[in-house]
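K.L.:
got a predicted model here, sequence first, then my questions.
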Amino acid sequence: MVKKKMTFYEELVWRGLVQDISSPELIDKLNEGGLTFYIGTDPTADSMHIGHYSSFLISKRLAQHGHHPLLLVGGATGLIGDPKPDAERPMITKEEVEHNFQGLKKQAEDIFGFEVVNNWDWTKDINVIDFLRDYGKYFNVGYMLAKDKVRSRLESGITYAEFSYMILQALDFLYLYENRNCVLQVAGSDQWGNITSGIELIKKKIGKEAYGMVMPLVTDSTGKKFGKTEGNALWLDKNKTSSYELYQYLINLEDSMIIDYLKKLTFLTPDEIMEIEKEHNEAPHLRIAHKALAKDIIIGLHGEEEYEKAVKISEALFGGDLEGLNSDDIMMGMKQVSSIKLEDNIKLIDLLVDNNICSSKREARELLAANAISLNNIKHSDENEVINRDIAIDKKVIIIRKGKKKQYIGIYE
């Protein structure tokens, strides 16, 4: 029996990328292709982070199926801020918003190839009377209060500026519908209320049908947003988050979620993912699924050369070959490792004790005798060996390893 190939929409569902759609009619339209759609983000920083990547990948899938993407970067809405569940967002200046817009625009064009639009262009000339008459009159306050984002803030308080955000986003959908024939808005599930408000505005104001689709937010098994590490975002700008740091994050994701991430965050085919799942279940310690995820994401973001460099740094820092790596690569890869300032021409035993790598000369001698001390992944056992910058990478950096797990980065200034 021949296995029936999934439709485009069925594959989106299989991948876990559809939480809700505004109408069953959208299913056939998605399968057929040819829709103009948009996905939006506000310029709160000058780089997107990995959470954006998970959202924008679905837009890339739609584009590959023949739909036409627009990326809206909210130069207007970014000055207000979408209501957070727990507190008001800090206001940022117009200059910051413009700077961030330019960063996101370049990034979106470089990584995704999307056309970028800015809602400041069609919002800046609307005066307050026209805003209330032309848009505000179509919104019932009771309807707005019932939206999850607004309701969650009623007890702690929500400003009128934040309360109006919903209308601004609906205005965007209406503008793009009328001027770009954009009939679909795609977003994460936390935007469902804003999307349906736009659909309602289009229906009330011009009598047309528009559509919305939201995907579940990508999280870990505890519900924490994907891409948050120790409170810091993983940025798509490799100057903010190196490919090595991204690789380390991805390679250490929890086993229980890794197949879900492969479905949602890669362009591997269902057959390829199911084969990787089988291999992963048979030998989880090999981290085959994790490596496949890291490879697909890093190549998609930064290219194959950056991926190969991330793998090489990772292998080198855990005892592999350091050839081909420079001091900048090493220092980038070892940001979280304890660093020490090195003195030139110092005996190895003094280097170990003076820098508290070993608690005493006795411990140092025991480790040296056991071949448990390595410098730049080469074992050293002579306590009287004089260490100088000649053995350092670029005459600047030495990786000092004590046993299998403890390592330090020694730096010559």
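P.N.:
Arrived safely, thanks for sending. Numbering: from 1, shown residues only.
K.L.:
can you give me the helices in the stretch 1-150 of the chain?
P.N.:
8-14, 25-32, 50-64, 94-111, 120-123, 128-134, 141-145, 148-151 (DSSP state H, counting those that start in this stretch).
K.L.:
deepest of those helices, which one?
P.N.:
helix 50-64 (a mean of 20; mean count of other Cβ atoms under 10 Å). No exception for glycine: its C-beta is placed from N, CA and C like everyone else's.
K.L.:
where does pLDDT dip in this protein?
P.N.:
Applying pLDDT under 70 to the chain picks out residues 1-3, 85-87, 227-232, 319-320.
K.L.:
okay, now the domains of it?
P.N.:
Per the record, the chain has its domains at 8-215, 242-317, 339-411, by automatic domain parsing.
K.L.:
just how off-centre is the second one within its chain?
P.N.:
Per Cα atoms, centre = their mean, to the nearest Å, the displacement of domain 242-317 from the mean C-alpha position of its chain is 14 Å.
K.L.:
again with the first one
P.N.:
Centre-to-centre, domain 8-215 and its host chain are 19 Å apart (Cα atoms, centre = their mean).
K.L.:
got JSON lines for the helices of the stretch 1-150 of the chain, with distance to Tyr247 too?
P.N.:
Shown next, in JSON lines, are the helices of the stretch 1-150 of the chain (distance: least, Cβ to Cβ, whole Å):
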{"stretch": "helix 8-14", "distance to Tyr247": "27"}
{"stretch": "helix 25-32", "distance to Tyr247": "33"}
{"stretch": "helix 50-64", "distance to Tyr247": "12"}
{"stretch": "helix 94-111", "distance to Tyr247": "17"}
{"stretch": "helix 120-123", "distance to Tyr247": "36"}
{"stretch": "helix 128-134", "distance to Tyr247": "47"}
{"stretch": "helix 141-145", "distance to Tyr247": "44"}
{"stretch": "helix 148-151", "distance to Tyr247": "35"}
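K.L.:
so His49 touches Phe226, yeah?
P.N.:
No. Checked against Cβ atoms under 8 Å, the pair His49 and Phe226 is beyond contact range at 9.9 Å.
K.L.:
Leu70 and Gln64, how far apart?
P.N.:
16 Å (Cβ to Cβ, to the nearest Å).
K.L.:
cool, and Ala316?
P.N.:
In terms of Cβ to Cβ, Ala316 sits 36 Å off from Gln64.
K.L.:
now do the same contact list for the spatially most central residue of the chain.
P.N.:
Residue closest to the average C-alpha location in the chain (Cα atoms, centre = their mean): Ile50, at 0.1 Å. Ile50 makes contact with Phe226, Gly227, Ala233, Leu234, Trp235, Leu236, Leu246, Ile297, according to Cβ atoms under 8 Å, 6 or more residues apart in numbering.
K.L.:
re the thing from before, looking at the helices of the stretch 1-150 of the chain, which is closest to Met332?
P.N.:
Set against Met332 and scored by Cβ to Cβ, these come closest in helix 50-64, at 17.8 Å.
K.L.:
now the two most distant members of the contacts of Ile50.
P.N.:
Most distant of the contacts of Ile50, by Cβ to Cβ, are Ala233 and Ile297, 15.0 Å apart.
K.L.:
excluding residues flanking it in the chain, which one is nearest Ile27?
P.N.:
The shortest distance from Ile27 to any non-neighbouring residue, by Cβ to Cβ, 6 or more residues apart in numbering, is to Tyr9 (5.0 Å).
K.L.:
you'd agree that neighbour is up against Gly33?
P.N.:
No. With contact defined as Cβ under 8 Å, Tyr9 does not reach Gly33; the gap is 11.3 Å.
K.L.:
joint contacts of those two?
P.N.:
Common contact partners of Tyr9 and Gly33 (Cβ under 8 Å, 6+ apart): none.
K.L.:
ok, now how distant is Gly207 from Pro43?
P.N.:
33 Å.
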